[in-house]
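[1] Sharing a sequence plus its predicted fold:
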Amino acid sequence: MIRARRALLAPLIDENPVTLHILGICSAVAITNSVYSALVMSLAVISVLAFSNVTISMMRRQLPSSVRLIVQMTVIASGVIVVDELLQAFAPETARTLSVFVGLIITNCIVLGRAEAFAAQNRVGVSFLDAIGNGIGYSLILISVAVIRELFGTGTLLDVQILKPVSEGGWFEPNGLFQLAPSAFFIIGFIIWGIRSLKPQQVEQAEFESIVAPELGGD
Amino acid sequence: MDKESPLKAIIVVTATALLCSVLVTLTAVTLQPIQKAYADLERIRFIIGISGVEDSVDEMSELEIIVAYQDIDVRLVDLQRGAFDSSYDPDAFDMWKAAADPQLNVPIPADEDVARLGQRSSLVTVYLVRDGEQLQRLILPVYGQGMWSTIYGFIALENDLNTIADITFYEHGETPGIGDLILRPDWQAKWRGRKLYDEQNLLRFRIIRGEVNASSPDAAYQVDGLTGATVTANGVMNLIHYWFGSHGFARFLNNFPSIGDM
């Protein structure tokens, strides 16, 4: 029971795949300029994660370690294609805005990472919870970044006008920089900084000792 | 059986590949009709967008678009004869699919293939917008190679069959932020009122480098180029040159006044 709880809840903040493991940054930067895209992308990643974790976990006793990775990739790729096809059938306009990034879920390290690090050693139920937990952890970051970017970049949230722009007689001047990808890097950076300030145990050990310049004696 | 034996590896890999391909194929086959319906609706939306309707097409519901489309007379044209063809149902005929079908396509001679298509369907779908009996606009499909991709669009002609009423592009894979300037409404607006052919029936239309000089005698046939997207803009000009050349709609447009009201 504790294990299940941990699998589901730990990835939300304490072991968040984006802010602790710094995985999935590519898509978090690319598609967070609107909350709606972020929501759809989150659902897509959660579905793929759940599908791959459950499938890999079911196969774990039969899977020879020599061909482990290629089989995992096949399973993940199939899940991604299915999700992509579903999006193109039922949400074609969103599929077009997300364009290549749905296909790129295949290369999202969170998916292969959870399959390899968790599902390959654990039972089906707990692997499923781990997938949902990590998916939600990823989604939390994605949606937070998207809320900031859409609100300050266009003054809207889910296309509903919140801040009235100057061009329509309001006071708000939309900041186009928030709509551009680099802003997401800064926002994610600030989120990581915030979390690590509150939870200093997440701060990584320095890999090298920093060199302090020797005092130059002047005489 | 030993989990790590080579035989086991082969069995597991084969089984995974089989199961996964069945899953992917099933999804693709089941969803294909829904995806096609959306693609068709999307195409209709673009056709209605340049058909001269008063409302903005962005504000029309799917139903309103389909209703508006019912008023459009869809026909198939045999470009070689320059005449309407009634051997297929125009609503069911897919000219883009037919372009790849050896039974239905014709090769494009290399010296005329400026749009780099290789072949096209021998029958092409055209859309007649009428007000009562009077032809308002003639909407024609155009497509050709841009820089990276095939650019697909529709062009609407006024009833003189020479003046461009509107243009739209509904599918392309050009560079985001550069080549996709062809989608900008302000650039497409520059096409309106331009002419394709001159009095001698010569195809004079050009997309030029820089801005059109309004005092030039050629200004009526010219559209501003796209700075930074020269290759894409040239691709668009080439596809116009192909589709309004002798292998394209030229013969049909010439014959149209005599066959138009059939």
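    Sure, I can see it. Just so we're clear, the structure is a prediction, and the values are computed from it rather than from any experiment.
[2] List the buried residues for stretch B:47-62?
    Residues B:Ile47, B:Ile48, B:Gly49, B:Ile50, B:Ser51, B:Val57, B:Met60 are the ones in stretch B:47-62 that count as buried (16 or more other C-beta atoms under 10 Å in any protein chain shown). Glycine gets a C-beta too; all of them are placed from N, C-alpha and C.
[3] Centre of the chain to it, how far?
    17 Å (C-alpha atoms, centre = their mean, to the nearest Å).
[4] Show residues contacting that stretch.
    Here stretch B:47-62 makes contact (C-beta atoms under 8 Å, 6 or more residues apart in numbering or on different chains) with B:41, B:45, B:64-65, B:68-69, B:72, B:127, B:129, B:136-137, B:139, B:154-156, B:165-168.
[5] Does chain B have contacts with the helix or strand harbouring A:Val71?
    Assigned by DSSP states H and E, A:Val71 falls within helix A:68-90. Yes. Helix A:68-90 is in contact with chain B by C-beta under 8 Å from any C-beta of the partner chain, via A:70-71, A:74-75, A:77-78, A:81-82, A:85-86, A:88-90.
[6] Close to chain B: what parts of chain A are there?
    So chain A meets chain B at A:59, A:61-67, A:70-71, A:74-75, A:77-78, A:81-82, A:85-86, A:88-90, A:92 (C-beta under 8 Å from any C-beta).
[7] where does the residue nearest to the spatial centre of chain A land in three-state SS?
    Chain A has A:Tyr138 as the residue nearest its centroid, 3.5 Å off, counting by C-alpha atoms, centre = their mean. Here A:Tyr138 is recorded as helix under DSSP: H, G, I helix; E, B strand; the rest coil.
[8] and the closest residue to B:Gln222 other than its chain neighbours, how many neighbours?
    In this structure, B:Gln222 finds its nearest non-sequential neighbour in B:Val212, 4.5 Å apart by C-beta to C-beta, 6 or more residues apart in numbering or on different chains. Other residues near B:Val212 come to 19 when the count uses other C-beta atoms under 10 Å in any protein chain shown.
[9] quick one: secondary structure of B:Val212?
    coil.
[10] For it, give me its contacts.
    Counting by C-beta under 8 Å, 6+ apart, B:Val212 touches B:Lys190, B:Ala219, B:Gln222, B:Val223, B:Asp224.
[11] quick one: pLDDT of B:Met262?
    pLDDT for B:Met262: 50.
[12] can you pull out the strands in chain A?
    In chain A, the strands defined using DSSP state E lie at A:156-157, A:160-161.
[13] packing partners for the first one?
    Think strand A:156-157. When contacts are defined as 3 or more C-beta pairs under 8 Å, 6 or more residues apart in numbering or on different chains; DSSP states H and E, strand A:156-157 sits against helix A:124-154.
[14] for the helix it packs on, what is the average pLDDT?
    94.
[15] Return the set of buried residues in that helix.
    Across helix A:124-154, burial judged by 16+ other C-beta under 10 Å covers A:126-154.
[16] Near chain A, which residues of chain B are found?
    Near chain A, when you scan chain B using C-beta under 8 Å from any C-beta, you find B:3-5, B:8-9, B:12-13, B:16-17, B:20-21, B:23-24, B:27-28, B:31, B:34-35, B:38-39, B:42.
[17] In helices only, show me those.
    B:8-9, B:12-13, B:16-17, B:20-21, B:23-24, B:27-28, B:31, B:34-35, B:38-39, B:42 (DSSP state H).
[18] Weed out the non-buried ones from these.
    In those, the ones that pass as buried (16+ other C-beta under 10 Å) are B:8-9, B:12-13, B:16, B:20, B:23-24, B:27-28, B:31, B:35, B:38.
[19] Including pLDDT, could the residues you listed go into CSV?
    Listed next are those as CSV, based on pLDDT from 0 to 100:
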residue, pLDDT
B:Lys8, 91
B:Ala9, 92
B:Val12, 93
B:Val13, 94
B:Thr16, 95
B:Cys20, 95
B:Leu23, 96
B:Val24, 96
B:Thr27, 95
B:Ala28, 94
B:Leu31, 94
B:Gln35, 90
B:Tyr38, 88
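[20] If we ignore the residues flanking it in sequence, what's nearest residue 68?
    Picked chain A for this. A:Ala120 (7.0 Å).
[21] Hmm, no, I was thinking of chain B.
    B:Ile48 (5.0 Å).
[22] element containing the one you found, please.
    Assessed by DSSP H and E, B:Ile48 sits inside helix B:6-49.
[23] Then B:Leu138?
    strand B:134-145.
[24] quick one: that strand to chain centroid distance?
    For strand B:134-145, the distance to the chain centre is 9 Å (C-alpha atoms, centre = their mean).
[25] again, but for stretch B:44-63
    Centre-to-centre, stretch B:44-63 and its host chain are 17 Å apart (C-alpha atoms, centre = their mean).
[26] okay, how far is it across it, tip to tip?
    This stretch, stretch B:44-63, spans 11 Å end to end (C-alpha to C-alpha, to the nearest Å).
[27] Give the rounded mean pLDDT of that stretch.
    Regarding stretch B:44-63, the rounded mean pLDDT is 87.
[28] What backbone torsions are found at B:Ala83?
    The phi and psi torsions at B:Ala83 (degrees, to the nearest 10) take the values phi -140, psi 160.
[29] Name the residues of stretch B:181-194 that are buried.
    B:Leu181, B:Ile182, B:Trp187, B:Gln188, B:Lys190, B:Trp191, B:Arg194.
[30] Extract the residue ranges of chain A that are flagged as low pLDDT.
    For chain A, the stretches with pLDDT under 70 are A:210-219.
[31] List the buried residues of stretch B:96-104.
    In terms of neighbour count (16+ other C-beta under 10 Å), stretch B:96-104 has its buried residues at B:Ala98, B:Ala99, B:Leu104.
[32] Looking at those, which one is closest to B:Asn201?
    B:Ala99 (27.2 Å; C-beta to C-beta).
[33] check contacts around the closest one.
    Residues near B:Ala99 by C-beta under 8 Å, 6+ apart: B:Asn105, B:Leu117, B:Gln119, B:Arg120, B:Ser121.
[34] mind listing what the nearest residue to it once chain neighbours are set aside touches?
    Excluding its sequence neighbours, the residue lying closest to B:Ala99 (C-beta to C-beta, 6+ apart) is B:Ser121, at 4.7 Å. Listed by C-beta under 8 Å, 6+ apart, the contact partners of B:Ser121 are B:Met95, B:Trp96, B:Ala98, B:Ala99, B:Asp101, B:Leu104, B:Asn105, B:Val106.
[35] quick one: the helices in chain B?
    Taking DSSP H as the criterion, chain B contains helices spanning B:6-49, B:62-70, B:95-98, B:185-189, B:230-243, B:250-259.
[36] Convert the last one to PDB, retaining C-alpha atoms only.
    As requested, C-alpha coordinates have been extracted for helix B:250-259 and formatted as PDB (Å, rounded to 0.1, in the frame of the first residue of the first chain):
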ATOM      1  CA  ALA B 250      -5.600  26.800 -70.400                       C
ATOM      2  CA  ARG B 251      -7.700  24.800 -72.900                       C
ATOM      3  CA  PHE B 252     -10.600  24.400 -70.400                       C
ATOM      4  CA  LEU B 253     -10.700  28.200 -69.700                       C
ATOM      5  CA  ASN B 254     -10.700  28.900 -73.500                       C
ATOM      6  CA  ASN B 255     -13.600  26.500 -74.100                       C
ATOM      7  CA  PHE B 256     -15.500  27.600 -71.000                       C
ATOM      8  CA  PRO B 257     -17.600  30.300 -72.500                       C
ATOM      9  CA  SER B 258     -19.100  27.800 -74.900                       C
ATOM     10  CA  ILE B 259     -19.500  24.900 -72.500                       C
END
